[in-house]
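**Q** Here is the input, now give the coordinates:
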Amino acid sequence: MMRLFLLTVCAAAGLAAAGCDENLKTITGPTPELTTTFTSIQQNIFAAPDSSGRVACTGCHTSVGRTPSSGLDLAGANAHGQLVNVASIGKPGAVRVIPGDPDNSYLIHKIEGRPTIVGLRMPRGTTGPFLTDGQIRVIKRWIELGALNN
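**A** Now for the predicted structure:
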């Protein structure tokens, strides 16, 4: 009986977790195609502006024709290797993305504009537009899932 109960709880938890990512699509606002994969985040957030007027991150964070801001190149095949388990240049002791740990990933601190960041909130600008709460939730979820290069 206990075994059946545990199997039921595990199955329900699995279905709930799988359903979470589907629900994110309804909150991503100006990026309705955004999903919790790195490819989607790179295409819809890093490499493209959105309908809110937010600028693409690759406007500054690219090595194409320039040295990328903070040494962070978010363009093309370099992006994942520049983020995951890489120390921040701007804030000593901070790691850009810590797989499984969005709360301690400096990328999240920068896009949320936490008071402990060095420099400006990203994407750069004093008043935005910044990423929406839904867009940030998708990036956090990608990190929670292990920050895979998928």
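**Q** Would you confirm that residue 134 contacts residue 28?
**A** Yes. Here residue 134 lies in contact with residue 28, judged by Cβ atoms under 8 Å, at a distance of 4.6 Å. Quick note: C-beta positions are derived from backbone N, CA and C, even for glycine.
**Q** Which one's more surrounded, these two?
**A** Neighbour count, other Cβ atoms under 10 Å: between residue 134 and residue 28, residue 28 has more, with 23 against 18.
**Q** That one and residue 132 touch, don't they?
**A** Yes. Between residue 28 and residue 132 there is a contact under Cβ under 8 Å: 7.1 Å.
**Q** show me where pLDDT drops low in the protein?
**A** For the chain, applying pLDDT under 70 flags the ranges 1-25, 125-126.
**Q** I'd like the distance between residue 79 and residue 44.
**A** Residue 79 sits 13 Å away from residue 44, going by Cβ to Cβ, to the nearest Å.
**Q** now residue 33
**A** Distance from residue 33 to residue 44, by Cβ to Cβ: 6 Å.
**Q** Excluding covalently adjacent residues, which one is nearest to the most centrally placed residue in the chain?
**A** Compute the mean C-alpha point of the chain, and by Cα atoms, centre = their mean the closest residue is residue 139, 2.8 Å away. Once flanking residues are discounted, residue 139 sits nearest to residue 41: 5.9 Å by Cβ to Cβ, 6 or more residues apart in numbering.
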